[in-house]
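> Just the structure for this:
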Amino acid sequence: MRAAVITELGKAPEISDRPDPSGQAIYEVSAVALNPMDVNVGAGRYFGGHPELPYVPGGEGVGRSPDGTRVYLFSDGLGLSRDGLLAERGAAPAGLGIPLPAEVSDEVAAACGIAGMAGWMSVAWRAPVRKDDRVLVLGATSTVGLVATQAAKLLGAERVVAVGRNPERLKRAAELGADVTVNLEENDLAAAFKEATAGDGPTHIVDTLWGPPAVAAIQAASPGYRVVQVGQSASPEATLASAAIRGMMGEIYGYTDFAVPASTFREQYLRLVGHAAAGEIVLDIETYPFERVAEAWERQATGAHAKLVVTLT
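Sure, this is the predicted structure:
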């Protein structure tokens, strides 16, 4: 079969012949979403290591199970500790796939996965949005952030503030429902966050950045605030005064897709897919044919704002 193969750490995958997978259920793959995680594993930067070289990357995708059911596939070490899904066929446990509704395309189903779920779960499950919440989304220009922005509004937040650095992507966040946008280039971020939330400060913070932006958001926050921490695009570390947490009765929740119980992930994924199929949550997707997988990989490595999906059919 044809597969995209990593032969050397730090290099884009190349299409080559690969033996058919065996030992588990075999899925015919139709679409694979690319993620920063895939690039980090392929570069040797992922904390969990990488599969033995050469290997097939791709931690999530859409395909058909042996009985013909179209499913979304994720977890079980795909692309992390063993071959992933960037191939014509992939192996995974028979019950791993989530059956997909007919009205959702392969591309949207793949895009709703790792990145989409991180945004959705931050406001729908880990710390559910309340009707009076003023939600501040740090890194709203990413797929995770744009989904969180839309989901917070959909779930009834009083006010949603989108924060990022790219003016065009901030404009897009406003088009998709953000009440206010704040550029990270502001001199006094804490003051800007307070002003954007009508002077009262955020009550719910979705943080994909960490570092100084997260500190500024917590400094601006209202008493009893909740933070859902999902990424570290700005910095892996942040210096917080104890009083900013205990004095404000703040709550900080960590989130990763990989730690969610399978039944909960399945239930919430299908909720998100339903909203996406209905046009209530929009994902900006760019598709690449399988023959251009190296180009898509390099685009992901340099920080694509849209969700990149490689199609195999």
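> where do the helices sit along the chain?
For the chain, the helices defined by DSSP state H cover 36-43, 106-111, 114-124, 143-154, 167-175, 189-196, 211-220, 242, 262-277, 293-301.
> Give the burial count for the nearest residue to Thr197 once chain neighbours are set aside, as a bare number.
Sequence neighbours aside, Arg134 is the residue nearest to Thr197 in space, at 4.4 Å (criterion: C-beta to C-beta, 6 or more residues apart in numbering). All C-beta atoms are positioned from the backbone trio N, CA, C, and that covers glycine. When neighbours are counted by other C-beta atoms under 10 Å, Arg134 registers 25.
> what's the answer for Ala306, then?
Neighbour count for Ala306, taken as other C-beta under 10 Å: 17.
> Test my guess that it contacts Tyr288.
No: at 11.0 Å, Ala306 does not count as touching Tyr288 under the criterion of C-beta atoms under 8 Å.
> follow-up on the earlier one: any idea how far the residue nearest to Thr197 is from Thr181?
Distance, Arg134 to Thr181, by C-beta to C-beta, to the nearest Å: 14 Å.
> Next: Val137.
10 Å.
> now Ala306
18 Å.
> got it, and Thr7?
Computed as C-beta to C-beta, the Thr7 to Thr181 distance reads 43 Å.
> out of these two, which sits in the busier spot?
Under the criterion of other C-beta under 10 Å, the comparison of Thr7 against Thr181 puts Thr181 first, with 22 against 11.
> Run through the residues that contact the closest residue to the more buried one other than its chain neighbours.
What sits nearest to Thr181 in space, not counting adjacent residues and going by C-beta to C-beta, 6+ apart, is Leu170, at 4.2 Å. By C-beta atoms under 8 Å, 6 or more residues apart in numbering, the residues touching Leu170 are Ala140, Thr141, Ala162, Gly164, Ala178, Thr181, Asn183.
> I'd like those residues laid out as TSV, including distance to Leu312 and pLDDT.
Listed next are those as TSV, based on distance: C-beta to C-beta, whole Å; pLDDT from 0 to 100:
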residue	distance to Leu312	pLDDT
Ala140	31	98
Thr141	29	97
Ala162	33	98
Gly164	32	98
Ala178	34	98
Thr181	37	98
Asn183	38	98
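> Tell me which two of the residues you listed sit farthest apart.
Maximum pairwise distance in the contacts of Leu170, criterion C-beta to C-beta, is 12.6 Å, between Ala178 and Asn183.
> okay, those two: which has more neighbours?
Shown here are Ala178 and Asn183; by other C-beta under 10 Å, Ala178 has more neighbours (28 against 13).
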